[in-house]
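Colleague: Next comes the sequence, and after it the predicted model I'd like to discuss.
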Amino acid sequence: MSASVLGELCQFTNGGTPSKAIAEFWNGDVPWISSADINDGAVILGRSFVTGAGLENSAANRVRAGTILIVSRTGIGKVAEAPISLSFSQDITAVEPDDSKLDRRYLLRFLEANKSHFESHARGATIKGITREAISQLKIPLPPLAEQRRIAAILDKADALRRKRKRALDLLDSMTQSTFMEMFGDPLSNPKRWPILKLGDLIHKASDGPHVSPDYSESGIPFLSTRHIQKGTVLWEDLKFIDREQAEIHWKKCRPERGDILYTKGGRRAWRRL
C-alpha cells in the first residue's frame with residue numbers, strides 16, 4: 001500500500017477572529033466557531049455569527065460544507081466535518097482534500113486516530129499548538145479510493161454504534177437519578193423529612209488505600225486505581241499488579257471484601273460495589 005504526506009493531498013486554510021471591539025463585525029449571518037464548538041466529532045452551531053465586513057477585515061476565512069476541521073490549538077486534535085459553510089477561529093485549521101485521491105470521510109477517521117500524534121507535536125510555553133508543517137507532513141496510507149470509502153464506511157458504522165451506546169448509558173444514568181428522586185426526594189432539601197444521620201453511624205468501617213504508588217509486578221494481586229472505576233463499573237482491562245508481600249502490607253490498612261463499596265476520592269467521582 002502506498003503512502004503520502006497530507007501536504008501533497010490537501011489544501012490548508014487558517015482561521016481568525018474579527019475584532020470583538022467592532023460591533024459591525026458580529027451578529028451577522030455567517031456561523032463562526034472556535035475550538036470549544038467542536039465536541040465528540042461534531043460541530044456545535046448557533047453560538048456566534050460574523051458579518052461579511054468581519055471576514056473582510058480579519059484573518060478569518062469561510063469554508064464550504066464538508067470541509068474537515070482540526071483543532072490545532074486549545075483542545076489539540078479534535079476533528080469534525082463542517083455541516084454547513086462557516087468561518088472559524090485561529091485555533092482551527094481547515095483541511096480540504098483532493099477528492100480524486102483522498103476520500104474525506106477516510107481522512108476524517110485517519111485524523112481522529114492520530115490525535116496522539118498531534119498532541120505529541122504540540123509546542124508553546126502558555127498555549128500549546130501544532131504547526132501547519134506538523135499536520136502537512138503526517139503520512140497517510142493511501143489505498144485505492146474504493147477501499148478508502150469501504151474503510152470509512154466501516155468506521156462510520158462503528159462510531160454510530162458507539163454513540164448509540166453512549167446515549168443509552170446516559171439515559172440509564174438519568175433514569176436511575178430520577179427514580180431515586182421520585183422515591184426518596186432531593187437529598188439536599190429532604191422534602192420527605194427522612195431522618196438524617198452521619199454515614200459513620202451506619203457503616204462498619206471506612207478505610208483508605210495506599211497514598212503512594214507501590215512497586216508493580218508483572219503478575220500477582222490486581223491493584224486498582226481511580227481510572228479502573230467508572231460509572232459504577234470496575235474496568236478490569238490494563239490492570240497493574242503487586243506481589244503478595246506488598247499486598248499483605250496494604251491489606252493491614254484496607255482490604256476490600258465482596259459486597260464492599262469502593263468510592264474514588266481523586267479524579268472523576270465514581271463508586272462500585274464489589
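Modeller: Ah, there it is. Keep in mind it's a predicted model, so treat the numbers as computed, not measured.
Colleague: who's in contact with the residue most central in space within the chain?
Modeller: Centroid check for the chain by CA atoms, centre = their mean gives D40 as the closest residue, at 6.1 Å. Contact analysis of D40 by CB atoms under 8 Å, 6 or more residues apart in numbering lists R163. C-beta coordinates here come from the backbone N, C-alpha and C atoms, glycine included.
Colleague: what do you get if the cut-off is 7 Å, keeping everything else the same?
Modeller: For D40, no contacting residues are found, by CB atoms under 7 Å, 6 or more residues apart in numbering.
Colleague: quick one: the strands in the stretch 1-150 of the chain?
Modeller: Listed in chain order, the strands found in the stretch 1-150 of the chain under DSSP state E, counting those that start in this stretch are 3-5, 10-14, 26-33, 38-39, 42-43, 49-50, 62-63, 68-71, 79-81, 86-88, 92-97, 139-141.
Colleague: most packed of those strands?
Modeller: Of all the strands of the stretch 1-150 of the chain, strand 86-88 has the most neighbours on average by mean count of other CB atoms under 10 Å, namely a mean of 26.
Colleague: what about that strand, distance to the chain center?
Modeller: 22 Å (CA atoms, centre = their mean, to the nearest Å).
Colleague: Which stretches in the stretch 51-200 of the chain count as helices?
Modeller: Assigned by DSSP state H, counting those that start in this stretch, the stretch 51-200 of the chain shows helices spanning 52-56, 104-113, 115-120, 132-136, 145-184.
Colleague: and the first one, how far out from the chain's middle?
Modeller: Meaning helix 52-56. The chain centroid and the centroid of helix 52-56 are separated by 32 Å under CA atoms, centre = their mean.
Colleague: Now it: buried residues?
Modeller: The neighbour-count criterion (16 or more other CB atoms under 10 Å) identifies 54-55 as the buried residues of helix 52-56.
Colleague: how is this structure carved up into domains?
Modeller: Using automatic domain parsing, the domain ranges for the chain come out as 3-153, 199-273.
Colleague: Let's have those domains in JSON lines, adding distance to S174.
Modeller: Converted to JSON lines, the domains of the chain look like this (distance: least, CB to CB, whole Å):
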{"stretch": "domain 3-153", "distance to S174": "18"}
{"stretch": "domain 199-273", "distance to S174": "12"}
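Colleague: weakest of those domains in terms of mean pLDDT?
Modeller: Across these, domain 199-273 has the smallest mean pLDDT, namely a mean of 77.
Colleague: where's it relative to the chain centroid, distance-wise?
Modeller: Domain 199-273 sits 26 Å away from the centroid of its parent chain (CA atoms, centre = their mean).
Colleague: Now do the closest residue to R163 other than its chain neighbours against T93, distance only.
Modeller: The shortest distance from R163 to any residue other than its chain neighbours is 7.9 Å, reached at D40 (CB to CB, 6 or more residues apart in numbering). Per CB to CB, to the nearest Å, D40 is found 19 Å from T93.
Colleague: and L202, what are its phi and psi?
Modeller: Dihedral angles phi and psi of L202 (degrees, to the nearest 10) take the values phi -120, psi 0.
Colleague: Give me the neighbour count for it.
Modeller: Counted by other CB atoms under 10 Å, the residues lying close to L202 total 7.
Colleague: From I196, how far off is it?
Modeller: Separation of L202 from I196 (CB to CB): 11 Å.
Colleague: before we move on, back to that, now the residue nearest to the centre of the chain: how far from N61?
Modeller: Applying CB to CB, the value for D40 to N61 is 25 Å.
Colleague: and the closest residue to D98 other than its chain neighbours, how many neighbours?
Modeller: The shortest distance from D98 to any non-neighbouring residue, by CB to CB, 6+ apart, is to L9 (5.4 Å). By the criterion of other CB under 10 Å, L9 has 18 neighbours.
Colleague: how about L9, what does it touch?
Modeller: Applying CB under 7 Å, 6+ apart to L9 gives the contacts 97-98, 101-102.
Colleague: was I right about S48 contacting G28?
Modeller: No. If you go by CB atoms under 7 Å, S48 and G28 don't touch, sitting 9.8 Å apart.
Colleague: Could you tell me the end-to-end distance of stretch 196-213?
Modeller: One end of stretch 196-213 sits 37 Å from the other (CA to CA, to the nearest Å).
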